[in-house]
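# need coordinates for the below:
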Amino acid sequence: MAHGVEARGNSVRVYFRFNGKRYRELIPGGNTAANREQAERLVNIIEYEIQAGIFNYSRHFPNSANLVENTFGHYLDLWLKIKSNSVAATSYRGYTNKAEVHVRPRWGKTQIDQIDHLDLQEWVQDILSKRLKNKTIRDIICNVRQVFRLYRTRKKVAHDPTEGLFVRLPDPEAPDPFTRAEIKQILETPTHRVQELLMIQFMIWAGPRVSETIALAWEDVDLEQGTVTFRRSKVRGAYRVTKTRRSTRRVRLLAPAWDALRQIDALTRHRKAETVEVVERDNKTVRKHKLHFVFLNSKSGLPHANDFVVRDRFFKAHLLAAGVRYRGPGQCRHTYASQLLTTGVASIDWIAEQMGHTNGNMIRQHYGTWINEDGPDVVGMLQLALKL
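The predicted structure follows:
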């Protein structure tokens, strides 16, 4: 019997090695001389195609159970499994949602080596672009590209059909900080939710993310020295250590932020401690911490569930009552950076350190902007210096 052909009983099979794995496929028609010859010819063709890098499993064996392992969905599952062990739970939910809603319905059952660039381009232009924002489309393409990268670790000669796919993004939104006049309106507008208002005062003048603020505990505060150490965040209800080691930082407080903590001290410091699970940076290790949280929901007396609650159940209504144009609570962080920049006193690298970044580039690009109405009279100062 020729190499690659196996005849036993009433059946004839061909066997071959593809992508480092040995495969066997039944040849219909029984164990006859004609069928054995056909099997020999087929093995020769398959071996040639494998060597040439043009082997198409589904063309030769369209009903094979082995085809499942060559579908895009198979590699998508492998990729998601890898992601589940390497990213935070909230990030994994995002990957899974995009995979199940947008990717798998279109490509899950398709043989991965049969997907070409034009197929993907048509999918992006005719389907995704009509329903999704460009940023979401770009994220989906990035995920699909990673699946093909995983596939190529098994089939080295495979091409990447996502190469050349490009989605243009709009310019990022410029920071939209609150002016000093708006800050005054916000903080002086009466409210029965005093704790939330003190939290806003703290965010404006200390610059943390909302997720870091709602996870702040009295164990992180040195009220006597006027410092706070940001060690964790709370995203979608889950506590985790800060995103990077740089984000774990000790911040010296400006007077308004310090004063906010002094005022809320009597309201929350002696409340019952909460035992919470905090996910470490490896996204696997979980440690329990007993913490007294600084900022509590004044209605429930419990820690804020997430940043959406702060935004939708307090901040929107309070800005409306204060007569201030709405921006999200995340703009409090932009306000801190912009107010410091506008003074011209603090160096941009010092501001970056206070906000948990390695250098001033992020401050320039994403956080800080000059607030004309709050800045010094630069022209007047220049004219005086130049004796004009």
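
# and the spatially most central residue of the chain, what does it touch?
Here the mean C-alpha position of the chain is nearest to the C-alpha of residue 91 (CA atoms, centre = their mean), at a distance of 5.1 Å. Under the criterion of CB atoms under 8 Å, 6 or more residues apart in numbering, the contact partners of residue 91 comprise residue 83. Backbone N, C-alpha and C define where each C-beta goes, glycine included.

# how far away is it from residue 243?
Between residue 91 and residue 243 the distance, using CB to CB, to the nearest Å, works out to 11 Å.

# ditto for residue 122
Shown here: residue 122 relative to residue 243, a distance of 37 Å by CB to CB.

# how about residues contacting stretch 238-250?
In contact with stretch 238-250 (CB under 8 Å, 6+ apart) are residues 88-90, 212, 215, 227-234, 276-281, 289, 353-354, 356-358.

# please repeat the previous calculation with a cut-off of 7 Å.
Around stretch 238-250, the neighbours that count as contacts under CB atoms under 7 Å, 6 or more residues apart in numbering are 88-90, 215, 227, 229-233, 276-281, 356-358.

# just the buried ones from those residues, in ChimeraX syntax?
Paste this into ChimeraX to select the buried members of the contacts of stretch 238-250, with burial taken from 16 or more other CB atoms under 10 Å:
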select :88,215,230,231,232,233,276,278,279,356,357
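
# so which of the contacts of stretch 238-250 are in strands?
Applying DSSP state E to the contacts of stretch 238-250, the entries found in strands are 227, 229-230, 232-233, 276-279.

# which two among the residues you listed are spaced furthest apart?
Between all members of these, the longest pairwise span (CB to CB) is found for 227 and 277 and amounts to 26.3 Å.

# circling back to that earlier point, could you dump the ones in strands among the contacts of stretch 238-250 to CSV with distance to residue 315?
Written out in CSV, the entries for the ones in strands among the contacts of stretch 238-250 read as follows (distance: CB to CB, whole Å):
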residue, distance to residue 315
227, 26
229, 25
230, 20
232, 22
233, 18
276, 24
277, 27
278, 26
279, 27
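
# could you dump the strand or helix carrying residue 287 to CSV, C-alpha only?
With the criterion set as DSSP states H and E, the secondary-structure element containing residue 287 is strand 286-291. The C-alpha trace of strand 286-291 is given here as CSV (Å, rounded to 0.1, in the frame of the first residue of the first chain):
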residue,chain,number,x,y,z
VAL,A,286,-7.3,38.5,44.6
ARG,A,287,-6.6,39.8,48.1
LYS,A,288,-9.1,40.8,50.8
HIS,A,289,-8.8,44.2,52.4
LYS,A,290,-10.8,45.7,55.3
LEU,A,291,-11.3,49.4,54.4
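
# packing partners for it?
Under the contact criterion of 3 or more CB pairs under 7 Å, 6 or more residues apart in numbering; DSSP states H and E, the helices and strands touching strand 286-291 comprise strand 274-279.

# could you give me the average pLDDT of the strand holding residue 287?
With pLDDT averaged residue by residue, strand 286-291 scores 94.

# mind listing what's buried in the following helix or strand past that strand?
Towards the C-terminus, the helix or strand next in line after strand 286-291, according to DSSP H and E, is helix 307-310. Buried positions in helix 307-310, judged by neighbour count with 16+ other CB under 10 Å: 307, 309-310.

# related to what we said a few turns ago, the strand holding residue 287 pairs with which strands, parallel or anti?
The strands beside strand 286-291 in its sheet (DSSP bridges) come out as strand 274-279 (antiparallel).

# list the neighbours of the strand it pairs with that are in contact with it.
When contacts are defined by CB under 7 Å, 6+ apart, strand 274-279 is touched by residues 88, 232, 238-241, 286-291, 293, 303.

# just stretch 314-334 next, same as before
Outside stretch 314-334, the residues that touch it by CB under 7 Å, 6+ apart are 175-178, 182, 185-186, 189, 191, 193, 196, 200, 203-204, 207-210, 307, 310-311, 367.

# now it, how far from the chain's geometric center?
On the basis of CA atoms, centre = their mean, to the nearest Å, stretch 314-334 sits 25 Å off its chain's mean C-alpha point.

# distance between the ends of stretch 305-319?
Using CA to CA, to the nearest Å, the span of stretch 305-319 from its first residue to its last is 21 Å.

# buried set for whichever strand or helix holds residue 143?
Using DSSP H and E, the secondary-structure element containing residue 143 is helix 134-152. Buried positions in helix 134-152, judged by neighbour count with 16+ other CB under 10 Å: 137-141, 143-148, 151.

# tell me the one of the residues you listed nearest residue 4?
Distance from residue 4 was checked for each of those by CB to CB. The minimum falls on residue 151, at 25.5 Å.
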